[in-house]
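> Sequence and predicted model, in that order:
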Amino acid sequence: MNCAERLVSIFGSQAEVARTLRLDRALVSHWVKSGYVPARWAMEIEHATDGRILANEVLNEANAKKPVRLKSRPDGETFIPTGSEKMNPFAPAKRIQSFHPPQRTLMGPGPTEIHPRVLTTMSQPAIGYLDPVFVEMMEELKSLLRYAYQTKNPLTFPVSGPGSVGMEYCFVNMVAPGTKVIVCRNGVFGGRMIENVERAGGIPVVVEDEWGKPVDPQKLEDALKKNPDARIVAFVHAETSTGAQSDAKTLIEVAHKHDTLVIMDAVTSLGGTPVLLDEWGVDAVYSASQKCLSCTPGLSPVSFSERVVEHVKARKDKIHSWFMDMNLLLGYWGASTRTYHHTAPTNSLFALHEALLLIREEGLENSWARAHRHHVALKAGLESMGLTFLVEEKYQLPQMNAVRTPEGIDEAQVRKTLLNEFNLEIGAGLGPLAGKIWRFGLMGYSARPENVMLCLSALGSVMSDMGHKVHVGDAEAAAHQAYASMHSTEAKQKQAQKKKAA
Ligand SMILES: Cc1ncc(COP(=O)(O)O)c(C=O)c1O
């Protein structure tokens, strides 16, 4: 069957195809008669059929029937203008059309799916970054961020740039040349912190822990005793590369006992598990918009305590980055002033405002509980397929589930098939864990029951197709069972609370 015939068979009739695609019926009839769908309809067809007919199939078939005449310069060939047309020699070699990404279910380590309300907000008309309406929105955004971080720190705002920029913002402002910094490394991102210390001219002292294990507070204590001149301790709260959560409160207590400041990476924890800045006494923190906040990537919420602000202001040397200099950024994001520093990514900031508002409406505790609920169900399903978690249960992050890939399975092929056949993205292992683990994210808006069920049934079906012993359906049943028992426990707790109150 050609693509035109497949369309009719999917929708039942030519009239239904025309109605779905909002086309004239005669046009659809023409496609069927000529036996192909013209190339320019490729993306619409993929969308309308939810990927059952792929844009590439339409393009290839159309091209075979009626080859597309290249207007721009083909790869490796000398440019020959056609007719009177003069081609610009810098024009792209292939014909480019508007980009329409496919609808994917994102269950990797980030980015996550974006809530429809956030997408709508992001597509609102642009306004100036000094427009009074925008300035008002910035103040609301800062207060919503303080809620998410559970802090009263005045200096809490989103830096323009991904999580890596937030990381660099903390290190470049706080680490002067010669500053000794204890960096705890138990995965990829601790390694990046070491790089940042070195590039800022600091002296890193590394506390190593095995990948998949949390940071050991005793090792930190030992390192601080050996290095009484250390000024800063840095650690990753939720190590995305392994799915392990460290005990932030204890690590901060140890660091403060030795009179150091603390930089905490909360890229994967913020919005997914408790991040209690004021209660724990975190001095400096950074996160990212595209993880449990479920916003577009490219913004990094940061927060500095008053102690850190004083520490940075007391520096005698110039901060080694113009863009990330806290003193200059304060001119735009500070409470009293609003002067030009850089052109703020206005529509992304609208989006972050909406994403944080969604968390405020849901309630922070509820959003942590949601990630946990779906983690329990996903875990039940994965374990019923014989998969084992990399991290010991008490340190497992609900929003980042790392499981060992089964022996003898082509793990990359599994991920590829999940993407191609089920539009489902999961994550691979990084560094020493490459090829050894899969990472399943349940971050923000991606933490939904339909995602858990799709993931389990798609994974079961792909593994079974590849000859791995799984009984299709068992994982879904295990997840349903887990949901059911959580619902019944919750109902009992509510009843008990009601009785107590009465
Ligand atoms: C723990 C952690 N820190 C830092 C980063 C860097 O963030 P970004 O990729 O947004 O630059 C990531 C990204 O995955 C991360 O997981």
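Cool, got the structure. Residues are numbered from 1 along each chain as shown.

> For the ligand, what's the nearest residue on this structure?
The nearest approach of the chain to the ligand comes at residue 163, 2.5 Å away (CB to the nearest ligand atom). For glycine as for every other residue, the C-beta is placed from the backbone atoms N, C-alpha and C.

> who's in contact with that residue?
Counting by CB atoms under 8 Å, 6 or more residues apart in numbering, residue 163 touches 265, 267, 286, 287, 288, 291, 300.

> my read: the second one touches residue 189, true?
Spelled out, it's residue 267. Yes. Counting by CB atoms under 8 Å, residue 189 is a contact partner of residue 267 at 7.3 Å.

> For the stretch 51-200 of the chain, what lies in contact range of the ligand?
Proximity of the stretch 51-200 of the chain to the ligand, by CB under 6 Å from any ligand atom, involves residues 109, 110, 162, 163, 164, 167, 189.

> In this model residue 240 seems to touch the second one, though I could be wrong.
Yes. Shown here, residue 110 and residue 240 form a contact pair, counting by CB under 8 Å, at 7.2 Å.

> any residues in contact with both of these two?
With CB under 8 Å, 6+ apart as the test, residue 110 and residue 240 both reach 268, 291.

> With neighbour numbers in mind, choose between the two.
residue 240 (29 against 25; other CB atoms under 10 Å).

> Show the backbone phi and psi for that one.
Dihedral pair for residue 240: phi -60, psi -30, per degrees, to the nearest 10.

> isn't there a strand covering residue 426?
Yes. Judged by DSSP: H, G, I helix; E, B strand; the rest coil, residue 426 forms part of a strand.

> If it is in a bridge, with which residues?
Counting by DSSP bridges, residue 426 forms beta bridges with residue 107.

> just checking, it touches residue 437?
No. Using CB under 8 Å, residue 426 and residue 437 do not qualify as a contacting pair, with a distance of 10.4 Å.

> The two: which is more packed in?
It is residue 437, of residue 426 and residue 437, that has more neighbours when counted by other CB under 10 Å, with 26 against 22.

> how near is that one to residue 242?
8 Å (CB to CB, to the nearest Å).

> for the longest helix seen in the chain, which positions count as buried?
Taking DSSP state H as the criterion, the chain has its longest helix at helix 474-501. Neighbour counts over helix 474-501 (16 or more other CB atoms under 10 Å) mark 475, 476, 478, 479, 480, 482, 483, 486 as buried.

> Now find how far off-centre it is within its chain.
Centre-to-centre, helix 474-501 and its host chain are 29 Å apart (CA atoms, centre = their mean, to the nearest Å).

> Report the rounded mean pLDDT for that helix.
For helix 474-501, the mean per-residue pLDDT is 94.

> Number the chain from 43, please
Taking 43 as the first residue, the last one we looked at is helix 516-543.

> Show me what it is packed against.
Packing contacts for helix 516-543, counted by 3 or more CB pairs under 8 Å, 6 or more residues apart in numbering; DSSP states H and E, involve helix 406-426, helix 491-507.

> what's the first one packed up against?
Packing contacts for helix 406-426, counted by 3+ CB pairs under 8 Å, 6+ apart, involve strand 442-446, helix 491-507, helix 516-543.

> what about the first one, near the ligand?
Spelled out, that is strand 442-446. No. Strand 442-446 is not in contact with the ligand by CB under 6 Å from any ligand atom; minimum separation 8.4 Å.

> Who are the packing partners of the helix or strand bottoming out on mean pLDDT in the chain?
Every helix and strand of the chain was ranked by mean pLDDT, DSSP states H and E. The lowest is helix 97-107, at a mean of 83. For helix 97-107, the packing partners by 3+ CB pairs under 8 Å, 6+ apart come out as helix 45-53, helix 84-90.

> and the shortest one, how far from the chain's centre?
Going by CA atoms, centre = their mean, the spacing between the C-alpha centre of helix 84-90 and its chain's C-alpha centre is 26 Å.

> Next, the buried residues of that helix.
84, 85, 86, 87, 88, 90.

> where in this structure is pLDDT low?
Applying pLDDT under 70 to the chain picks out residues 109-128.

> if you go through it in chain order, where are the strands?
All strands of the chain, identified by DSSP state E, fall at 147-149, 197-202, 222-227, 245-250, 274-278, 280-281, 286-287, 303-307, 326-328, 341-346, 442-446, 466-470, 479-483.

> So which of the ones you listed has the densest surroundings on average?
Comparing the strands of the chain by mean neighbour count (mean count of other CB atoms under 10 Å), strand 280-281 comes out on top with a mean of 31.

> In its sheet, which strands sit next to that one, and in what direction?
Using DSSP bridges, strand 280-281 pairs in its sheet with strand 286-287 (antiparallel).

> The strand it pairs with and the ligand in contact?
No. Against the ligand, strand 286-287 shows no contacts by CB under 6 Å from any ligand atom, the least distance being 10.9 Å.

> how much distance is there from that strand to the middle of the chain?
17 Å.

> what's that strand in contact with?
228-229, 254-256, 279-281, 311, 315, 432-433, 437-439.

> between the residues you listed, which has the most around it?
Neighbour-wise, these (other CB under 10 Å) top out at residue 281, 33 neighbours.

> Could you find the closest non-adjacent residue to that one?
residue 229 (3.7 Å; CB to CB, 6 or more residues apart in numbering).

> So the one you found is in contact with residue 284, correct?
Yes. Under the criterion of CB under 8 Å, residue 229 makes contact with residue 284 at 4.7 Å.

> joint contacts of the two?
Counting by CB under 8 Å, 6+ apart, the residues touching both residue 229 and residue 284 are residue 253.

> Name the residues of the stretch 293-442 of the chain found near the ligand, please.
Residues of the stretch 293-442 of the chain lying near the ligand (CB under 6 Å from any ligand atom): 307, 309, 310, 330, 339.
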